Every structure is written in C-alpha cells, then in structure tokens.
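Trainee: The amino acid sequence is not available; the structure is as follows:
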C-alpha cells in the first residue's frame, strides 16, 4: 500500500523557517516524482515544488523561489521541504503527492496519484 505521511508543520513568525518532511512507504523514490502542494483557506490547491524521479531535478513555483528547497533522501525514502523567510501568505495546509509517470504538467494536481493527509503551516506574529 502506497502511503505518504507529512510532518513538521506548525506555527512560525514571519521571517522564520520550517522544515517539512514527507515519509513514503510502499514504493521507492527512484520510481516516483514527488510534489509539495499547499492549500490556503478558500483557495485551490497549488504546487509549490517538485522533484523528479530520474535525476532528482527540482522545480519551484515563482512565489517560493529562493526561499523553499525540496530535497530527497532515497535511502530513507523521505522528501523534505525546507522553508525560510516565511510570509503570512505561505499559511496553508501542505501536502506531498507522488506520481510514477512522466508529465508535461508537473505542477498539476491531476497528475498525481497518491497524496498525504497534509500538515498545517501557519505564519503569524
């Protein structure tokens, strides 16, 4: 059974940092691309960062470039999202998701087959 479990969310002040982790089981990262997504209250789910299955190359949405870093540990089967310089607009539930096929639309939620339950990130003073 393929599972993804997020952890590391919490309350942080503006300008602070958090590190989210996505632990996967039932499959290996060498065969799945992983995306981090977020959903703020009243808004749609949007992609934040994606790491490819083949070479671990990364992509980011413009609003987080230079602040967020996605990385993976294939030995531990985890994918982390390091977030720095957090802003109130980063407040959302953060999800990790997996897909096993190549996609020309890696930021589309429709391309992902397996999802975690989400972890809340709140940026507030």
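Mentor: Nice, I can see it. Keep in mind it's a predicted model, so treat the numbers as computed, not measured.

Trainee: Quick one: end-to-end length of stretch 65-83, please.
Mentor: Stretch 65-83 has an end-to-end distance of 10 Å (criterion: CA to CA, to the nearest Å).

Trainee: For it, buried residues please.
Mentor: Using 16 or more other CB atoms under 10 Å as the test for burial, stretch 65-83 gives 68, 70, 72, 77-83. In short, each C-beta sits where N, CA and C put it, glycine included.

Trainee: give me the beta-bridge partners of residue 123?
Mentor: residue 12 (DSSP bridges).

Trainee: what ranges do the strands span in this structure?
Mentor: 3-7, 10-12, 18-25, 33-39, 45-51, 58-60, 68-73, 78-83, 92-99, 114-115, 119-123 (DSSP state E).

Trainee: strand partners of the fifth one, parallel vs antiparallel please.
Mentor: Right, the one you point to is strand 45-51. strand 33-39 (antiparallel), strand 58-60 (antiparallel).

Trainee: on that earlier part again, out of the buried residues of stretch 65-83, which comes closest to residue 20?
Mentor: residue 81 (4.3 Å; CB to CB).

Trainee: Nearest to the spatial middle of the chain, which residue is it?
Mentor: Central residue of the chain (CA atoms, centre = their mean): residue 36, 1.9 Å from the mean position.

Trainee: between the strands of the chain, which gets nearest to residue 107?
Mentor: Across those, closest to residue 107 is strand 45-51 (CB to CB), at 3.7 Å.

Trainee: Contacts for the closest one next, please.
Mentor: 33-39, 57-61, 64, 68-72, 79, 81, 94-95, 106-109 (CB atoms under 8 Å, 6 or more residues apart in numbering).

Trainee: Residue 91 is in contact with residue 39, correct?
Mentor: No - contact criterion CB atoms under 8 Å: residue 39 and residue 91 do not qualify, at 10.5 Å.
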